[in-house]
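> After the sequence you'll find the predicted model.
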Amino acid sequence: MGQGTGSVELPGREGLRAVNTNSLGPTHRKTEEQHRREICTAGKWMYERGFIVACEGNISVRLDEGRILTTPTCMNKGMLEPHDLVVTSLEGRQLAGERKFSSEIAMHLLFYSMRPDVNAICHAHPPTATGFAAAGRALDQALLPEVIIGLGQIPLVRYATPGTPELSAALEPFVPHYDALLLANHGAVTCGPDLLTAFYRMETIEHFAKILLSAELAGDPVLLSSREVAKLMAARARYFVTPPPGGGAELPETSDSGDSSRDHVSLTRSELGALIDEAVRKDRARR
Ligand SMILES: [Zn+2]
């Protein structure tokens, strides 16, 4: 089946009507029917690109102030029809749809409640990025200009059982400051002002993970310096990148991150011995 070409071979007329967009629009102002079709398209893309298999992953969009449209549980997200989707309240109460929503909706609702700028969420298990998450590694290296401009870095959220309040608690400190997160031993979650942006961010995470892995296989990845990172951060406005409203995101690790020479002192063995002796003497005198 073709992808991203605008025309898809589908088995019948009905299928053709159901998935006739094969694209996502760059803004969020759409009818509910358009949002339904776009979620099906994004699910298809995630499945075709191998970001999810079987019934994994979930996608949602904010329909209005009180309603979220989301994918159902126990269905392949690459084979959804618009009527399979479920509408919930911001508190996670089902408002419409015959199927049941995923327990992972709690993660989506956390973003919607903390981030008024967020209108769409993608959650998937892209294999290379999830490999880093399963190895306990964040994607926080200053390696690629596009990733630094677009996302800063992708931190690793500590493991908690999917779909539980513990996972929401682990995510909470990161949500105001980042648009893309790795979930330890689980996968990745991205958000955006619209579904296309959230999807692109998921693609970027996996692409970055693949390149980092290749760089590590090819040799030692050469990180950019903090000066280069500062230049890229300053260029964000030029690329129409709006950083998360919470600010305060940590910058990626640079070639000179460990170079805190101003904080380092060097001592000879005898100078160190004298310092220890003095500290011990002071401590004895205090008793
Ligand atoms: Zn998951």
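Happy to help now that I have it.

> rest of the way, CA atoms for contacts and neighbours
Noted.

> just the helices in the chain please.
Per DSSP state H, the chain carries helices over the ranges 13-18, 32-48, 105-114, 127-134, 145-151, 165-171, 195-218, 226-234, 269-286.

> With mean pLDDT and distance to Gly25 added, can I get the ones you listed in TSV?
Output for the helices of the chain, formatted as TSV (pLDDT from 0 to 100; distance: least, C-alpha to C-alpha, whole Å):
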stretch	mean pLDDT	distance to Gly25
helix 13-18	40	17
helix 32-48	97	8
helix 105-114	97	20
helix 127-134	98	26
helix 145-151	96	19
helix 165-171	96	28
helix 195-218	98	7
helix 226-234	94	27
helix 269-286	71	64
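
> Output those helices as TSV; include the columns distance to Ser60.
Formatted as TSV, the helices of the chain follow (distance: least, C-alpha to C-alpha, whole Å):
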stretch	distance to Ser60
helix 13-18	18
helix 32-48	7
helix 105-114	7
helix 127-134	21
helix 145-151	20
helix 165-171	16
helix 195-218	8
helix 226-234	29
helix 269-286	59
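
> Redo those helices as TSV? Include distance to Leu251 and mean neighbour count.
Shown next, in TSV, are these (distance: least, C-alpha to C-alpha, whole Å; neighbours: other C-alpha atoms under 10 Å):
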stretch	distance to Leu251	mean neighbour count
helix 13-18	43	12
helix 32-48	28	22
helix 105-114	21	20
helix 127-134	19	22
helix 145-151	9	20
helix 165-171	18	17
helix 195-218	16	19
helix 226-234	8	16
helix 269-286	34	11
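
> nearest to Thr73, of the ones you listed?
When these are compared by C-alpha to C-alpha, helix 105-114 sits nearest Thr73, at 9.8 Å.

> if we look at the closest one, which residues are touching it?
Around helix 105-114, the neighbours that count as contacts under C-alpha atoms under 8 Å, 6 or more residues apart in numbering are 58, 60, 62, 70, 90-92, 118-119, 121, 163-165, 167-168, 171-172, 175-176, 191.

> so what's the closest residue to Pro244 other than its chain neighbours up against?
Excluding its sequence neighbours, the residue lying closest to Pro244 (C-alpha to C-alpha, 6 or more residues apart in numbering) is His177, at 5.4 Å. Applying C-alpha under 8 Å, 6+ apart to His177 gives the contacts Pro244, Pro245, Gly246, Gly247, Gly248, Ala249.

> contacting residues around the second one?
When contacts are counted by C-alpha under 8 Å, 6+ apart, Pro245 touches Arg115, Asp117, Pro176, His177.

> Now for these, which sits with the most neighbours around it?
Neighbour counts for the contacts of Pro245, by other C-alpha atoms under 10 Å, peak at Arg115, which reaches 19 neighbours.

> still on that earlier bit, can you select the buried ones from the contacts of helix 105-114 in PyMOL?
In PyMOL, a selection of the buried entries from those looks like this (16 or more other C-alpha atoms under 10 Å):
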select buried, resi 58+60+62+70+90+92+118+119+121+167+168+171+172+175+176+191
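
> centroid residue for the protein?
Ala180 (2.3 Å; C-alpha atoms, centre = their mean).

> hang on, the earlier thing: which of the helices of the chain sits closest to Leu80?
Short answer: helix 32-48, nearest of the helices of the chain by C-alpha to C-alpha, at 5.5 Å.
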